[in-house]
Structure formats: structure tokens, C-alpha cells
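In: Pasted the sequence and its predicted model underneath.
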Amino acid sequence: DGGITQSPKYLFRKEGQNVTLSCEQNLNHDAMYWYRQDPGQGLRLIYYSQIVNDFQKGDIAEGYSVSREKKESFPLTVTSAQKNPTAFYLCASSPFTEPNEKLFFGSGTQLSVL
Amino acid sequence: GDSVTQMEGPVTLSEEAFLTINCTYTATGYPSLFWYVQYPGEGLQLLLKATKADDKGSNKGFEATYRKETTSFHLEKGSVQVSDSAVYFCALSMYSSASKIIFGSGTRLSIRP
């Protein structure tokens, strides 16, 4: 089955701790994205990557970091600088080699602060 | 800047009722418009899209028509089912790029048997 796998489904962070959310896709998509979803709000773009070894800041990148060493993988690190990390995090991908606005989403990771 | 406004939820209907979820947008040009659906515990899925004025997107009994004159893209379904219970997001894209998609705040729909 082709798709996007996010893990873990639930994650708890202690104060001052960095945590990493995993996102893997086997759709052979070039572009990958991280969104943050807060209750009653739309999705906000954190970071995106259109090609391996390159990524761009989205609207709310502060306190987050990413890497794109492989086409299939786009992990997100929530650093201790992110003071309000509790949210639902969604990873997505899309083909980049054509004008295409369709996003394919993973099932998300709920991050909570202990 | 560009934005999407959709009706606040939750919306609660009985099975087989008619559904409308309102969505209006603000954009400096002519965006593509989308409806995404998020079922409980899952990520979003593209439900339908329209890329130019007067286009009608449709899927799974849902429809939405791109109305340039009213800057709207309302989602409709003639007879809802319990399985339609989900959160629905209206979205726009100005530059044919997924990195430029702007999402509305979502509308939670609950269908009573």
C-alpha cells in the first residue's frame, strides 16, 4: 500500500526536551510538508521540502527544525525553543514535477507537554 | 492577504438531511479552490476541487461550484449519511503549488442516525 506513515501517534514532551516526529512516504513524491493543527484553526505550514537536501520555512517555523536526507523521509524536530508545542502535527506530500496542488496526508501525531 | 472563511461548527444533522457548509475566500487573483475532509483520527483527504470560475467539483455525492461573483465555494450534499461525520476544510491555492495552499479553520459535521 502506498502512503504516508507518521509515528508515533501520540508523543509527550517534557519541558526543555527536543522531540522528533517521523514521517515516511512510499509514494515517490518529491515534495513533503509539515503542518500544525490547533483546535478550531486551519492548518499552518511549518516547513516544506521540494527536493532532497533542501527545505524552506513555512509560516510558523520558529522553534522547529527539519532535515531531508532521503526522498522518503522528512522528520520534524520540535525544539525546546517552541514554547507552545501542544498540537496535532500532520505530514503531507505531493508530486512536484507538475503543477499539482493535491496533498496526500499522513494520519498525524498528537504532541502534548507533560 | 489571501484568506478563507468557512462557517463555524459544529453542524449537527439527521441522516438523509441536506447539507450546506459555507465557504468564502479573499484573493488578489483567481485561485484554485478545494474541499478537504478529515475523518476521526486521520489526516486530510482531498474531497473535490475546482480550478476556474463556474467549475463544479464533485465526489462521493458532494458538490461545490466556484462562484467568482460571490467569491464562494459552498459544499453541498443532498442526503448525508452517518459516515459523512468528519471535519471539512475549505482551501485555496494561488500559484498551482501545494506549498501555497491556505486552509480555512474547518467545520465539524456530525450526523445523527
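Out: Now that the structure is in, tell me what you want to look at.
In: Now for residue 11: which residues touch it?
Out: I went with chain A, as the question did not name one. Residue A:11 sits next to A:19, A:21, A:109-112 when contact means C-beta atoms under 8 Å, 6 or more residues apart in numbering or on different chains. For glycine as for every other residue, the C-beta is placed from the backbone atoms N, C-alpha and C.
In: Please refer instead to chain B.
Out: B:19, B:21, B:107-110.
In: Kindly report the same for residue A:92.
Out: Counting by C-beta under 8 Å, 6+ apart, residue A:92 has contacts A:4, A:32-35, A:103-106, B:43-44, B:98.
In: Now residue A:83: which helix or strand?
Out: Applying DSSP states H and E as the criterion places residue A:83 outside every helix and strand.
In: Next, count neighbours for it.
Out: For residue A:83, the count of nearby residues is 9 (other C-beta atoms under 10 Å in any protein chain shown).
In: Residue B:7 now?
Out: Residue B:7: 17 neighbours (other C-beta under 10 Å).
In: Tell me the strands beside the lowest-mean-pLDDT helix or strand in chain B, with direction?
Out: Lowest by mean pLDDT, DSSP states H and E among the helices and strands of chain B is strand B:101-103, with a mean of 89. Paired strands of strand B:101-103, with direction, are strand B:86-93 (antiparallel) (DSSP bridges).
In: Restrict the partner strand to CA atoms and write it as PDB.
Out: Taking C-alpha atoms only, strand B:86-93 is exported to PDB below (Å, rounded to 0.1, in the frame of the first residue of the first chain):
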ATOM      1  CA  ALA B  86     -15.900  14.500   9.800                       C
ATOM      2  CA  VAL B  87     -14.200  17.900   9.800                       C
ATOM      3  CA  TYR B  88     -14.400  19.700   6.400                       C
ATOM      4  CA  PHE B  89     -11.800  22.200   5.300                       C
ATOM      5  CA  CYS B  90     -12.100  24.700   2.500                       C
ATOM      6  CA  ALA B  91      -8.800  25.800   1.000                       C
ATOM      7  CA  LEU B  92      -7.400  27.900  -1.800                       C
ATOM      8  CA  SER B  93      -4.200  27.900  -3.800                       C
END
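In: same question for that strand, mean pLDDT?
Out: On average, the pLDDT along strand B:86-93 is 94.
In: Excluding chain neighbours, give the residue nearest to the residue in chain B that chain A sits nearest to in space.
Out: Closest to chain A within chain B is residue B:43: 2.9 Å, counting by C-beta to the nearest C-beta. Using C-beta to C-beta, 6 or more residues apart in numbering or on different chains and skipping residues adjacent in sequence, the residue nearest residue B:43 is residue A:105, 2.9 Å away.
In: Give me every residue in chain B that's in contact range of chain A.
Out: When proximity is defined as C-beta under 8 Å from any C-beta of the partner chain, chain B approaches chain A at B:4, B:32, B:34, B:36, B:41-46, B:49, B:89, B:91, B:93, B:96-99, B:101-106.
In: Count the residues that sit near the residue in chain A positioned nearest to chain B.
Out: Going by C-beta to the nearest C-beta, chain B is nearest to residue A:105 of chain A, at 2.9 Å. Residues within reach of residue A:105, counting by other C-beta under 10 Å, total 22.
In: tell me the pLDDT at the residue nearest to residue B:89 when sequence neighbours are not counted?
Out: Counting by C-beta to C-beta, 6+ apart, residue B:89 lies nearest to residue B:36, which is 4.5 Å off, once chain neighbours are set aside. You'll see residue B:36 listed with a pLDDT of 95.
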